[in-house]
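Colleague: everything below, folded, please.
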Amino acid sequence: MRPAEARKIRGGRPFGKPHWPSDTADTAGFGFAGPPAYFCAESFCDGIHRMARLFQDDRLVIASHNAGKVREIAELLRSYVPRVESAGDHGLAEPEETGDTFIANAALKAHHTAAGTGLPALADDSGLVVPGLDGAPGLHSARWAVRPDGRRDFAWAMERVNAALDARPKVDRRAYFVCALALAWPDGHCETVEGRAYGCLVWPPSGDKGFGYDPIFMPDGHAVTYAQMAPQAKHAISHRAEAFRQLVARCFRS
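Modeller: Reported below is the predicted structural model:
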């Protein structure tokens, strides 16, 4: 895809409602191979394609209060960022996730954290998408696990997904995980990417590793679920690993 064509596809869109190019689009001009990255509108608000911004700071704030997630991201970026902090370290409240895409929610959290700390911020938003359920649980993957009494229970969430599929016997059980990453700076610039992992849903759940919907997700090309894989094997093929490969290629090149 030539830069001029990229401008027509990606430029001048309202923030939070990006235009989604085809998964088969030529991304060779954007610094990485594989599925295309998607960008916050601020990077293209004047309709002029700009080169990706390289991260050159020594501090990065992770827009999360989840200590496990912060540790995982810090490990993934330890070769590129000397000091990683969390939004919780800065006393920031979590913003309401009002976006209508994974990219929009990740960007919303990253912008909120960058503005509140005066430092570059990285946010992610992820979930399980089942086309046969009209995309559910999708953006609401975490909410599907919240019981009426407020407890979070992913075993219950997996039962809900399986019951919904059983109620549509002619629908296949294809699914994919999505991880959107947004890296925002205090001046409003934002770089975003999205990684996906495709597979199918199995029943009953299998494996005791991983978390969330991992026990019912069998990635393409494998005969075991995410929850049956050793962590290193899962990380090599996961949606989050793919998103980080894209982000590093765009913004953390040495």
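Colleague: what count of nearby residues applies to residue 211?
Modeller: 10 (other C-beta atoms under 10 Å). From N, CA and C alone the C-beta is placed, and that goes for glycine too.
Colleague: give me the number of residues near the closest residue to it other than its chain neighbours?
Modeller: By the measure of C-beta to C-beta, 6 or more residues apart in numbering, the closest residue to residue 211 outside its immediate chain neighbours is residue 154, 7.2 Å from it. Residue 154 is flanked by 18 other residues according to other C-beta under 10 Å.
Colleague: measure residue 154 to residue 142 for me?
Modeller: 9 Å (C-beta to C-beta, to the nearest Å).
Colleague: re earlier: distance of the residue nearest to residue 211 relative to residue 113?
Modeller: Residue 154 sits 26 Å away from residue 113 when distances are taken as C-beta to C-beta.
Colleague: same question for residue 151.
Modeller: When C-beta to C-beta is applied, the distance between residue 151 and residue 113 equals 28 Å.
Colleague: out of those two, which sits in the busier spot?
Modeller: Set side by side, residue 151 and residue 113 give different neighbour counts by other C-beta under 10 Å, the larger being at residue 113 (28 against 9).
Colleague: packing partners of the helix or strand harbouring the more buried one?
Modeller: Applying DSSP states H and E as the criterion places residue 113 in helix 102-117. Here helix 102-117 touches strand 59-62, strand 121-129, strand 174-184, strand 190-201, going by 3 or more C-beta pairs under 8 Å, 6 or more residues apart in numbering; DSSP states H and E.
Colleague: for the shortest one, buried residues please.
Modeller: Read that as strand 59-62. Applying a neighbour-count criterion of 16 or more other C-beta atoms under 10 Å, the buried positions in strand 59-62 are 60-62.
Colleague: what do you get for the longest one?
Modeller: Going by neighbour count (16+ other C-beta under 10 Å), the buried part of strand 190-201 is 190-197, 199, 201.
Colleague: reformat the helices and strands packed on helix 102-117 as a markdown table; add mean pLDDT and distance to residue 51.
Modeller: As requested, the helices and strands packed on helix 102-117 are arranged in a markdown table below (pLDDT from 0 to 100; distance: least, C-beta to C-beta, whole Å):
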| stretch | mean pLDDT | distance to residue 51 |
| --- | --- | --- |
| strand 59-62 | 95 | 20 |
| strand 121-129 | 95 | 19 |
| strand 174-184 | 97 | 14 |
| strand 190-201 | 97 | 10 |
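Colleague: right, and those - which one's nearest residue 102?
Modeller: Residue 102 lies closest, by C-beta to C-beta, to one member of the helices and strands packed on helix 102-117: strand 174-184, at 3.8 Å.
Colleague: tell me which residues of that closest one are tucked away?
Modeller: Quick answer for strand 174-184 (16+ other C-beta under 10 Å): 175-184.
Colleague: just name the closest of the residues you listed to residue 206, please.
Modeller: Of the buried residues of strand 174-184, the one sitting nearest to residue 206 (C-beta to C-beta) turns out to be residue 175, at 15.1 Å.
Colleague: burial of the nearest residue to the closest one once chain neighbours are set aside, as a residue count?
Modeller: When the adjacent residues along the chain are set aside, residue 175 lies closest to residue 130, with 4.6 Å between them (C-beta to C-beta, 6+ apart). The burial count assigned to residue 130 is 23, neighbours taken as other C-beta under 10 Å.
Colleague: kindly report the same for the one 10 residues further on.
Modeller: When counting by other C-beta under 10 Å, one arrives at 13 neighbours for residue 140.
Colleague: quick check: pLDDT value at it.
Modeller: pLDDT for residue 140: 93.
Colleague: kindly report the same for residue 98.
Modeller: 89.
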